[in-house]
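Undergrad: take this sequence and fold it.
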Amino acid sequence: MGRPENRIPDANTPVGRLAQSLRTARANAGLTYTQLARRAGYSRATLQRAASGKRVPHPEVVRAYAVACDINPGLVMGLWHQAQKEQVRRASGAHSSDAPRLNMARDEADLGAVLAGLHERAGAPSLRVMQRRTELSTGTERLSRSTLHRIIRRRLIPQTRERMEAYLVACDLAPHKRPAWLEAWRRVRATTENERDRRRRSERDRAQEVDALIAGPRSEEKARRLMRKAGLAPTEKFPGSRLPWGARCVKCGKWGRFRFAQVVLGEAGCVVCRAAHLGSPEPPEAAQHQPVPLG
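TA: Purely as a prediction, here's the structure:
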């Protein structure tokens, strides 16, 4: 039977249990790795790595290993799915337990968590398998492996209903379960768009308030006076409240470009002086840019 195999690093992990199952199957079949390689159609080294317990092997290697040992592949493929799920979970640094219930998903962060959890519960299929599913499904948008990877890692939310449905196909979700997922996607998208509209309206309203401060004659003189109150001395002609304006910090002499509206609202200022504040023992609020006093 050759030399004894190296010890499995951790037999209590999913990949360790898979490796032990493969070794037991080979031992019961009375095969050397050379004999197993001839039966399985893979090299001796590949089969040894599959049973090493150091990493999750390719599913086709596991399947061929089981068939060559005359056991039902389903017995070891269940262990492979568990090992694959654990590997994905560790790589992403996230757990499906972090995700809320589907009907409780309210924003893109929630939706990203439940989509990642769906991939785990589907057995953590490989990106290649998921892409192939979208290619073989009639009328389904094809998803690339890079897109699937970003969704699984919570870095991307499907932007269209067609792309969301394609992801559900890629996870092999039963058709009768898809409407609930599509409704959750629709609800989150509506909430996200409403919030973006609210922010845009708020920014527009605040910009109009700033414009009102310098309206009328001598608008540039008024703008320069407000900039100096913020500790910035303009070095260029006033370009308007929403365009970058060259100015020098009166405290440290650092030159930069600042949008007048953001300076007045306390959203911009000298980054050098702010960094110095952050490194000082002053309270956190002292390190923030302050709105310009308008009195």
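Undergrad: so which residues make contact with stretch 65-73?
TA: With contacts defined as CB atoms under 8 Å, 6 or more residues apart in numbering, stretch 65-73 is touched by 22, 25-26, 28-29, 31, 36, 39-40, 42, 47, 50-51, 62-63, 75-77. All C-beta atoms are positioned from the backbone trio N, CA, C, and that covers glycine.
Undergrad: brain fart, stretch 121-132
TA: Stretch 121-132 is contacted from outside by 59, 81, 84-85, 87-89, 96, 119, 133, 142-145, 148-149, 170-173, using CB under 8 Å, 6+ apart.
Undergrad: next, the buried residues of that stretch.
TA: The neighbour-count check on stretch 121-132 (16 or more other CB atoms under 10 Å) flags Ala122, Gly123, Ala124, Pro125, Leu127, Met130, Gln131 as buried.
Undergrad: would CSV of those with secondary structure be doable?
TA: CSV is the format used below for those (DSSP: H, G, I helix; E, B strand; the rest coil):
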residue, secondary structure
Ala122, coil
Gly123, coil
Ala124, coil
Pro125, coil
Leu127, helix
Met130, helix
Gln131, helix
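Undergrad: quick check: Val188 touching Leu102?
TA: No - taking contacts as CB atoms under 8 Å, Val188 lies outside contact range of Leu102: 10.6 Å.
Undergrad: these two: which is more packed in?
TA: Val188 (21 against 17; other CB atoms under 10 Å).
Undergrad: I'd like the next helix or strand past the strand or helix carrying the more buried one.
TA: In this assignment (DSSP states H and E), Val188 forms part of helix 178-213. Scanning forward in sequence from helix 178-213 by DSSP H and E, the next helix or strand is helix 219-229.
Undergrad: quick one: mean pLDDT for that next one?
TA: Throughout helix 219-229, pLDDT has a mean value of 89.
Undergrad: stretch 233-242 now?
TA: 90.
Undergrad: before we move on, what about stretch 270-290?
TA: Rounded mean pLDDT across stretch 270-290 is 53.
Undergrad: heads up, I number from 820, so please use that
TA: Fine by me, first position is 820 from now on; the one you just mentioned is stretch 1089-1109.
Undergrad: quick revisit: any idea which of the buried residues of stretch 940-951 is closest to Glu1039?
TA: Leu946 (56.6 Å; CB to CB).
Undergrad: for Leu921, see how far away the closest one is.
TA: According to CB to CB, to the nearest Å, Leu946 stands 23 Å off from Leu921.
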